[in-house]
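Chemist: Sequence first, predicted coordinates after that:
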Amino acid sequence: MAGNRAIAYMGPRKLEIQNLDYPKLVGPGGRKCDHGVIIKLIVTNIYGSDQHIYRGRFPAPVGMILGHENTGEVIEVGRDVEFIKKGDLVSVPFNVSCGRCRNCREGHTEICMNVNPAIPCGAYGFNLGGWQGGQAEYMMVPYADFALLKFPDKDQAMEHILELTFLSDILPTGFHGCVIAGVKPGSTVYIAGAGPVGRAAAASARLLGASAIIVGDTNKERLAIVKKAGYEVVDISKTASLADQIEAIVGVREVDCGVDCVGFESHGYGPGAGEDSAAVLNGLLEVVRFGGGMGIPGVYIAGDLKARNETEKQGSYNLDFGKAWIKSPSLRAGQCPVVKYSRDLMMAILWGRMDYLSEVMNVEVVSLDRTIEAYRIFDKGSAKKFVIDPHNSLKKATIDRRVIVDRVPHSENIHK
């Protein structure tokens, strides 16, 4: 029986490639998963929230296998699986969800009640129920009939795999942030964060028909990619305030909708501003119009031992909500229920409605052996979205000419 090489978290900024046993249809605590499947990973990505773990900001146990954006081929099927078949190419939502509890039945697969005994929320590659991630050669996926999104044609899917790989998390999360913020045709929207999830949100806002799509960050390289892809940008490290820069673009100091794609590792506004976990939220409260909406898919947690003070370590932040209350704002936060959106977004990709996605995402494909170096580069603020190819599957497929395969530059050459 084959083994399983995987990326294990060994402490802050410490990863290693481990040689594990081939997975079984067994979940955390020895729980039998006859409703599950084993998949061979075709692509698995490095995500911004993986960086929270990598930096030691999101608590995680030593030895946990990372990775929650997973796409693969089904190679073993559990006894109770009826509709997913061996050989299917599937996208795995990052939410672990049973499909049977009250929350799942109401469409809230991000807060499944049956997959984590500590709290109603399960996810691969997080400290959320003990479910191991997919930055590996193989992984076990429970509740396969409910959770997995099967691609209708494998050859067609492989032609679009570098867009379809985003369906596990980043694209539905960006889309969800826009939907819960109220983005619709003609909306003006400010997206905080030009990292991969912010860029996915910008592409989602475009799909939803927004007019002015403005993305803010301090990272010049990331902002340049967003600008080149046709979106408006603001540099929040400038002396000019966020409202001033928005006014220079749309003529008024406010937008209809705001989306937080940064989370608790955010920085304040202006030259030399340091970390301020409440900065993005307070910025949105300031620039979203009276009666406007805010979507908050960015991660906010308790347990960040590197936070600035004891209050923020507990997940409490200094919000200017008293000043904003009079605006009658709408605010929704939390993880994305991927199953709710993934099929529709798959169809948009397959039918050419999101051909602009690749340009703004700026993908670079790496092998499993180069993954640890890719984490180091991403940690320094790289504008790449790193996609891991554990079995070198993509070298056999048609790859977009804009993608560089398996050529991660050395970290000392990365723009800092």
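Modeler: Perfect, thanks for sending it.
Chemist: so how far is Gly122 from the nearest residue to Cys101 once chain neighbours are set aside?
Modeler: Excluding the flanking residues, the one nearest Cys101 by CB to CB, 6 or more residues apart in numbering is Met113, at 4.0 Å. For every residue, glycine as well, the C-beta is placed using N, CA and C. Computed as CB to CB, to the nearest Å, the Met113 to Gly122 distance reads 10 Å.
Chemist: Check what pLDDT the residue nearest to Cys101 gets.
Modeler: Per-residue confidence for Met113 comes out at a pLDDT of 98.
Chemist: contacting residues for it?
Modeler: Residues in contact with Met113, defined by CB atoms under 8 Å, 6 or more residues apart in numbering, are 98, 101-104, 120.
Chemist: Just to check, Leu148 is in contact with His35?
Modeler: No. Using CB atoms under 8 Å, Leu148 makes no contact with His35, being 11.1 Å away.
Chemist: from the chain's centre, how far out does the helix or strand containing Ser49 sit?
Modeler: Using DSSP states H and E, Ser49 sits in helix 48-54. Taking CA atoms, centre = their mean, to the nearest Å, one finds helix 48-54 lying 10 Å from the centre of the chain it belongs to.
Chemist: What are the contacting residues of it?
Modeler: With CB under 8 Å, 6+ apart as the criterion, helix 48-54 contacts 9, 12-13, 15, 58, 60, 66-68, 125-126, 195-197, 263-265, 299, 375, 378-379.
Chemist: Let me see the ranges of the strands in the stretch 1-150 of the chain.
Modeler: For the stretch 1-150 of the chain, the strands defined by DSSP state E, counting those that start in this stretch cover 3-11, 14-21, 37-45, 70-77, 89-92, 138-141, 149-150.
Chemist: Buried by neighbour count, from the contacts of helix 48-54: which ones?
Modeler: 9, 15, 58, 60, 66-68, 125-126, 195-197, 263-265, 299, 375, 378-379 (16 or more other CB atoms under 10 Å).
Chemist: Where do the strands of the stretch 201-350 of the chain begin and end?
Modeler: With DSSP E, counting those that start in this stretch as the criterion, the stretch 201-350 of the chain has strands spanning 213-217, 232-235, 255-260, 288-296, 330-333.
Chemist: Assumed Met354 was part of a strand.
Modeler: No. Counting by DSSP: H, G, I helix; E, B strand; the rest coil, Met354 is not part of a strand but coil.
Chemist: what's the pLDDT at the closest residue in space to it that isn't next to it in sequence?
Modeler: Sequence neighbours aside, Ala348 is the residue nearest to Met354 in space, at 5.1 Å (criterion: CB to CB, 6+ apart). pLDDT recorded at Ala348 is 98.
Chemist: my guess is Ala348 meets Asp355, correct?
Modeler: No. Between Ala348 and Asp355 no contact is recorded; they are 9.9 Å apart, counting by CB under 8 Å.
Chemist: Looking only at neighbour counts, state which of these two leads.
Modeler: Remark: of Ala348 and Asp355, Ala348 carries more neighbours, 19 against 12, as counted by other CB atoms under 10 Å.
Chemist: Tell me how far the most centrally placed residue in the chain lies from Ile84.
Modeler: Nearest to the mean C-alpha position of the chain, counting by CA atoms, centre = their mean, stands Ile170 at 3.4 Å. Going from Ile170 to Ile84 by CB to CB gives 23 Å.
Chemist: repeat for Tyr190
Modeler: For Tyr190 relative to Ile84 (CB to CB), the value is 40 Å.
Chemist: Could you list the low-confidence segments of this structure?
Modeler: 1, 396-416 (pLDDT under 70).
Chemist: Report how many residues lie close to the residue lying closest to Gly63 once chain neighbours are set aside.
Modeler: With CB to CB, 6+ apart as the criterion, Gly63 has its nearest non-adjacent residue at 5.6 Å, and that residue is Ala8. Per other CB under 10 Å, the neighbour tally for Ala8 reads 19.
Chemist: Surely Val365 is in contact with Val387?
Modeler: Yes. At 5.0 Å, Val365 counts as touching Val387 under the criterion of CB under 8 Å.
Chemist: residues shared between the contacts of those two?
Modeler: With CB under 8 Å, 6+ apart, Val365 and Val387 have common neighbours Leu162.
Chemist: more neighbours, the two?
Modeler: The neighbour comparison of Val365 against Val387 (other CB under 10 Å) goes to Val365, with 27 against 24.
Chemist: Next one: the more buried one from Pro390, what distance?
Modeler: 11 Å.
Chemist: and if you look at Gly30?
Modeler: From Gly30 to Pro390 the distance is 26 Å (CB to CB).
Chemist: Between those two, point out the one with more neighbours.
Modeler: Neighbour tally, Gly30 and Pro390, criterion other CB under 10 Å: the higher count belongs to Pro390, 25 against 7.
Chemist: is it true that that one touches Glu73?
Modeler: No. The criterion here is CB under 8 Å, and Pro390 misses it with Glu73 at 11.5 Å.
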